[in-house]
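**Student:** attaching a predicted model along with its sequence, questions to come.
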Amino acid sequence: MTKRPGFPARLQTPAAPPARSNAAPVASRPLAPSGVGMDSEAVRVRMVARLAAEGIADPRVLAAMGRIERHRFVDTALAIQAYEDTSLPIGLGQTISKPSVVARMAELLVQGVQGRLGRILEIGTGCGYQAAVLGELATEVYSIERLRGLHDKARDNLRPLRLPNVHLLFGDGMQGYAKGAPYAGIIAAAGGEAVPQAWVDQLAIGARIVAPVALPGGRQSLVVLEKTARELRRTVLETVQFVPLKSGIA
(Lines give C-alpha, C1' and ligand atoms only; values in the text may rest on other atoms or scores of the structure.)
Protein backbone atom coordinates (compact mmCIF):
# COMPACT_ATOMS: atom_id res chain seq x y z
CA MET A 1 0.00 0.00 0.00
CA THR A 2 1.45 3.35 -1.00
CA LYS A 3 1.70 6.24 1.41
CA ARG A 4 -1.46 8.30 1.40
CA PRO A 5 -1.31 11.80 -0.09
CA GLY A 6 -1.34 14.80 2.18
CA PHE A 7 -4.47 16.80 2.78
CA PRO A 8 -6.01 19.02 1.70
CA ALA A 9 -5.75 17.31 -1.69
CA ARG A 10 -6.27 18.93 -5.08
CA LEU A 11 -7.91 17.03 -7.87
CA GLN A 12 -6.97 17.89 -11.43
CA THR A 13 -10.42 18.97 -12.60
CA PRO A 14 -10.24 22.01 -14.90
CA ALA A 15 -13.65 23.33 -13.97
CA ALA A 16 -13.07 23.08 -10.25
CA PRO A 17 -13.08 26.43 -8.42
CA PRO A 18 -9.39 27.21 -7.76
CA ALA A 19 -9.93 29.12 -4.55
CA ARG A 20 -11.50 26.30 -2.57
CA SER A 21 -10.00 23.17 -1.08
CA ASN A 22 -11.14 19.97 -2.78
CA ALA A 23 -10.69 17.82 0.27
CA ALA A 24 -12.09 18.24 3.72
CA PRO A 25 -10.64 15.89 6.29
CA VAL A 26 -13.26 15.47 8.93
CA ALA A 27 -12.04 15.00 12.31
CA SER A 28 -14.86 8.96 16.19
CA ARG A 29 -18.00 9.10 17.97
CA PRO A 30 -21.44 10.72 17.78
CA LEU A 31 -22.05 13.90 19.69
CA ALA A 32 -24.70 14.42 22.32
CA PRO A 33 -28.30 13.87 21.20
CA SER A 34 -29.43 16.32 18.57
CA GLY A 35 -32.89 16.80 20.00
CA VAL A 36 -34.89 16.04 16.86
CA GLY A 37 -36.71 13.05 18.31
CA MET A 38 -34.32 10.45 16.88
CA ASP A 39 -31.68 10.67 19.59
CA SER A 40 -32.63 7.46 21.36
CA GLU A 41 -30.26 4.57 20.80
CA ALA A 42 -33.31 2.32 20.84
CA VAL A 43 -34.37 3.34 17.33
CA ARG A 44 -30.99 2.37 15.93
CA VAL A 45 -31.06 -0.89 17.89
CA ARG A 46 -34.38 -1.72 16.25
CA MET A 47 -32.99 -0.84 12.82
CA VAL A 48 -29.96 -3.08 13.37
CA ALA A 49 -32.19 -5.92 14.57
CA ARG A 50 -34.24 -5.59 11.38
CA LEU A 51 -31.08 -5.66 9.26
CA ALA A 52 -29.91 -8.80 11.04
CA ALA A 53 -33.30 -10.45 10.54
CA GLU A 54 -33.09 -9.64 6.82
CA GLY A 55 -29.73 -11.38 6.47
CA ILE A 56 -26.94 -8.93 7.34
CA ALA A 57 -24.66 -11.13 9.41
CA ASP A 58 -21.28 -9.39 9.68
CA PRO A 59 -20.99 -8.06 13.26
CA ARG A 60 -18.69 -5.24 12.11
CA VAL A 61 -21.31 -3.94 9.70
CA LEU A 62 -24.14 -4.25 12.21
CA ALA A 63 -22.08 -2.41 14.82
CA ALA A 64 -21.22 0.37 12.36
CA MET A 65 -24.88 0.77 11.37
CA GLY A 66 -25.76 1.04 15.04
CA ARG A 67 -23.14 3.66 15.81
CA ILE A 68 -23.79 6.10 12.97
CA GLU A 69 -26.89 8.25 13.52
CA ARG A 70 -28.69 8.37 10.18
CA HIS A 71 -31.05 11.16 11.23
CA ARG A 72 -28.12 13.58 11.26
CA PHE A 73 -27.76 13.16 7.48
CA VAL A 74 -31.30 14.03 6.42
CA ASP A 75 -33.36 17.22 6.62
CA THR A 76 -35.04 17.79 9.96
CA ALA A 77 -38.47 17.43 8.36
CA LEU A 78 -37.56 13.88 7.30
CA ALA A 79 -35.84 12.82 10.53
CA ILE A 80 -38.85 10.84 11.69
CA GLN A 81 -38.28 8.54 8.69
CA ALA A 82 -34.53 8.25 9.15
CA TYR A 83 -34.54 4.71 10.53
CA GLU A 84 -37.13 3.31 8.17
CA ASP A 85 -35.78 1.18 5.36
CA THR A 86 -36.34 3.77 2.69
CA SER A 87 -34.29 6.12 0.58
CA LEU A 88 -34.84 9.83 1.24
CA PRO A 89 -34.15 12.97 -0.81
CA ILE A 90 -31.04 14.95 0.08
CA GLY A 91 -31.28 17.65 -2.59
CA LEU A 92 -30.01 18.16 -6.15
CA GLY A 93 -32.00 15.16 -7.33
CA GLN A 94 -30.03 12.74 -5.15
CA THR A 95 -31.04 10.41 -2.32
CA ILE A 96 -29.60 8.76 0.76
CA SER A 97 -29.65 4.99 0.23
CA LYS A 98 -31.81 2.64 2.27
CA PRO A 99 -30.08 1.34 5.42
CA SER A 100 -30.45 -2.20 4.06
CA VAL A 101 -28.62 -1.25 0.86
CA VAL A 102 -25.81 0.53 2.72
CA ALA A 103 -25.37 -2.47 5.01
CA ARG A 104 -25.52 -4.98 2.14
CA MET A 105 -22.88 -3.17 0.09
CA ALA A 106 -20.65 -2.66 3.11
CA GLU A 107 -20.89 -6.35 3.97
CA LEU A 108 -19.94 -7.30 0.42
CA LEU A 109 -16.97 -4.93 0.59
CA VAL A 110 -15.54 -6.40 3.80
CA GLN A 111 -16.38 -10.03 2.98
CA GLY A 112 -13.39 -12.27 3.53
CA VAL A 113 -11.35 -9.57 5.26
CA GLN A 114 -10.24 -10.01 8.84
CA GLY A 115 -10.40 -6.87 10.96
CA ARG A 116 -10.54 -3.50 9.27
CA LEU A 117 -10.23 -2.93 5.56
CA GLY A 118 -7.34 -0.79 4.44
CA ARG A 119 -7.76 2.36 2.38
CA ILE A 120 -11.01 2.46 0.40
CA LEU A 121 -12.58 4.76 -2.18
CA GLU A 122 -16.26 5.74 -2.22
CA ILE A 123 -17.75 7.12 -5.43
CA GLY A 124 -20.61 9.49 -4.66
CA THR A 125 -20.42 11.00 -1.18
CA GLY A 126 -23.99 12.28 -1.23
CA CYS A 127 -24.89 13.51 2.25
CA GLY A 128 -21.98 11.62 3.83
CA TYR A 129 -23.88 8.84 5.61
CA GLN A 130 -22.27 5.89 3.85
CA ALA A 131 -18.84 7.51 4.20
CA ALA A 132 -19.39 7.65 7.96
CA VAL A 133 -20.40 3.97 8.07
CA LEU A 134 -17.36 3.04 5.96
CA GLY A 135 -15.17 5.05 8.33
CA GLU A 136 -16.07 2.52 11.03
CA LEU A 137 -14.97 -0.38 8.80
CA ALA A 138 -11.80 0.86 7.10
CA THR A 139 -8.56 2.43 8.21
CA GLU A 140 -9.06 5.26 5.73
CA VAL A 141 -11.87 6.42 3.45
CA TYR A 142 -11.58 8.73 0.46
CA SER A 143 -15.04 9.80 -0.69
CA ILE A 144 -15.49 11.76 -3.91
CA GLU A 145 -18.53 13.80 -4.95
CA ARG A 146 -19.12 15.58 -8.27
CA LEU A 147 -21.81 17.99 -7.04
CA ARG A 148 -20.41 20.93 -5.09
CA GLY A 149 -23.64 21.41 -3.12
CA LEU A 150 -23.57 17.82 -1.84
CA HIS A 151 -19.84 17.91 -1.16
CA ASP A 152 -20.41 20.92 1.07
CA LYS A 153 -23.44 19.33 2.74
CA ALA A 154 -21.50 16.13 3.50
CA ARG A 155 -18.65 18.16 4.96
CA ASP A 156 -21.06 19.97 7.28
CA ASN A 157 -22.79 16.71 8.26
CA LEU A 158 -19.56 14.86 8.99
CA ARG A 159 -17.61 17.57 10.78
CA PRO A 160 -19.39 17.12 14.15
CA LEU A 161 -18.75 13.36 14.10
CA ARG A 162 -14.98 13.91 14.22
CA LEU A 163 -13.95 11.03 11.96
CA PRO A 164 -10.26 11.67 11.26
CA ASN A 165 -9.98 8.81 8.77
CA VAL A 166 -12.67 10.10 6.38
CA HIS A 167 -11.54 12.51 3.65
CA LEU A 168 -13.92 14.27 1.27
CA LEU A 169 -12.92 15.09 -2.29
CA PHE A 170 -14.70 17.26 -4.84
CA GLY A 171 -14.22 15.94 -8.35
CA ASP A 172 -15.23 13.54 -11.10
CA GLY A 173 -15.81 10.17 -9.49
CA MET A 174 -15.57 8.34 -12.79
CA GLN A 175 -11.86 9.15 -12.75
CA GLY A 176 -11.43 7.75 -9.25
CA TYR A 177 -8.55 9.19 -7.22
CA ALA A 178 -5.24 7.80 -8.43
CA LYS A 179 -3.15 9.49 -5.74
CA GLY A 180 -4.73 7.29 -3.09
CA ALA A 181 -4.37 4.02 -5.03
CA PRO A 182 -4.13 1.11 -4.74
CA TYR A 183 -7.37 0.68 -2.81
CA ALA A 184 -8.41 -2.22 -0.62
CA GLY A 185 -11.95 -1.68 -1.87
CA ILE A 186 -14.06 0.64 -4.02
CA ILE A 187 -17.77 1.23 -3.51
CA ALA A 188 -20.09 3.26 -5.72
CA ALA A 189 -23.41 4.96 -5.00
CA ALA A 190 -24.28 5.53 -8.67
CA GLY A 191 -24.63 3.13 -11.57
CA GLY A 192 -23.47 3.25 -15.17
CA GLU A 193 -23.45 0.79 -18.05
CA ALA A 194 -19.99 -0.41 -17.05
CA VAL A 195 -17.51 -0.02 -14.22
CA PRO A 196 -14.97 2.63 -15.28
CA GLN A 197 -11.52 1.27 -16.14
CA ALA A 198 -9.98 3.89 -13.84
CA TRP A 199 -11.55 2.16 -10.84
CA VAL A 200 -10.20 -1.22 -11.92
CA ASP A 201 -6.74 0.24 -12.43
CA GLN A 202 -6.78 1.81 -8.96
CA LEU A 203 -7.91 -1.38 -7.20
CA ALA A 204 -5.36 -3.50 -5.36
CA ILE A 205 -4.85 -7.15 -6.26
CA GLY A 206 -7.15 -9.23 -4.07
CA ALA A 207 -9.57 -6.34 -3.52
CA ARG A 208 -13.08 -5.79 -4.83
CA ILE A 209 -15.39 -3.20 -6.31
CA VAL A 210 -19.04 -3.14 -5.22
CA ALA A 211 -21.20 -1.08 -7.56
CA PRO A 212 -24.58 -0.94 -9.30
CA VAL A 213 -24.35 -1.59 -13.04
CA ALA A 214 -27.01 -1.17 -15.73
CA LEU A 215 -27.80 -4.42 -17.52
CA PRO A 216 -29.69 -5.11 -20.77
CA GLY A 217 -33.35 -4.28 -20.34
CA GLY A 218 -32.72 -1.13 -18.36
CA ARG A 219 -32.54 -2.59 -14.88
CA GLN A 220 -29.64 -2.16 -12.50
CA SER A 221 -28.00 -4.97 -10.58
CA LEU A 222 -25.47 -4.96 -7.81
CA VAL A 223 -22.15 -6.23 -9.17
CA VAL A 224 -19.01 -7.36 -7.37
CA LEU A 225 -15.71 -7.28 -9.27
CA GLU A 226 -12.81 -9.13 -7.64
CA LYS A 227 -9.35 -8.35 -8.96
CA THR A 228 -6.83 -11.18 -9.05
CA ALA A 229 -3.37 -11.28 -10.57
CA ARG A 230 -4.82 -12.96 -13.67
CA GLU A 231 -8.37 -11.77 -14.08
CA LEU A 232 -11.32 -9.67 -12.98
CA ARG A 233 -14.05 -11.90 -11.58
CA ARG A 234 -17.58 -10.55 -11.98
CA THR A 235 -20.55 -11.59 -9.87
CA VAL A 236 -24.01 -10.20 -10.61
CA LEU A 237 -26.33 -10.03 -7.62
CA GLU A 238 -29.76 -8.60 -6.86
CA THR A 239 -31.63 -5.83 -8.63
CA VAL A 240 -31.08 -2.34 -7.19
CA GLN A 241 -32.00 1.22 -8.05
CA PHE A 242 -29.40 3.99 -7.91
CA VAL A 243 -29.00 7.38 -9.55
CA PRO A 244 -27.07 7.37 -12.87
CA LEU A 245 -23.30 7.53 -12.82
CA LYS A 246 -22.22 10.78 -14.50
CA SER A 247 -18.91 12.37 -15.43
CA GLY A 248 -17.73 15.89 -14.76
CA ILE A 249 -18.46 18.24 -11.88
CA ALA A 250 -21.31 20.61 -11.19
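**Tutor:** Structure's in. What do you need?
**Student:** end-to-end on stretch 124-140?
**Tutor:** Using C-alpha to C-alpha, to the nearest Å, the end-to-end distance of stretch 124-140 comes to 16 Å.
**Student:** how far off centre is it?
**Tutor:** The chain centre lies 5 Å from the centre of stretch 124-140; the measure is C-alpha atoms, centre = their mean, to the nearest Å.
**Student:** average pLDDT for that stretch?
**Tutor:** Summarised as a single mean, pLDDT over stretch 124-140 is 98.
**Student:** return the helix or strand in the protein with minimum mean pLDDT.
**Tutor:** Sorting the helices and strands of the chain by mean pLDDT, DSSP states H and E puts strand 23-26 at the bottom, at a mean of 48.
**Student:** and the following helix or strand past that one, what does it pack onto?
**Tutor:** As assigned by DSSP states H and E, the chain's next helix or strand after strand 23-26 is helix 41-53. Of the remaining helices and strands, those touching helix 41-53 by 3 or more C-beta pairs under 8 Å, 6 or more residues apart in numbering; DSSP states H and E are helix 59-67, helix 99-110. Every C-beta, even on glycine, is put in place using the N, C-alpha and C of the backbone.
**Student:** other residues contacting helix 41-53?
**Tutor:** Helix 41-53 has contacts (C-beta atoms under 8 Å, 6 or more residues apart in numbering) with 62, 65-66, 69-70, 83, 85, 99-100, 103.
**Student:** and the buried ones among the residues you listed, selectable in PyMOL?
**Tutor:** To isolate the buried ones among the contacts of helix 41-53 in PyMOL, judged by 16 or more other C-beta atoms under 10 Å, type:
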select buried, resi 62+65+66+69+70+83+99+100+103
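**Student:** ok, of the contacts of helix 41-53, which one's closest to Val133?
**Tutor:** Met65 (6.4 Å; C-beta to C-beta).
**Student:** which ones are touching that closest one?
**Tutor:** By C-beta under 8 Å, 6+ apart, the contact set of Met65 is 44, 47-48, 51, 56, 99, 102-103, 133.
**Student:** is there a neighbour count for Val102? I'd like the number.
**Tutor:** By other C-beta atoms under 10 Å, 25 other residues sit near Val102.
**Student:** where along the protein do the strands fall?
**Tutor:** 23-26, 88-91, 94-96, 117-123, 138-145, 166-170, 183-188, 190-191, 203-214, 220-227, 232-240, 243-244 (DSSP state E).
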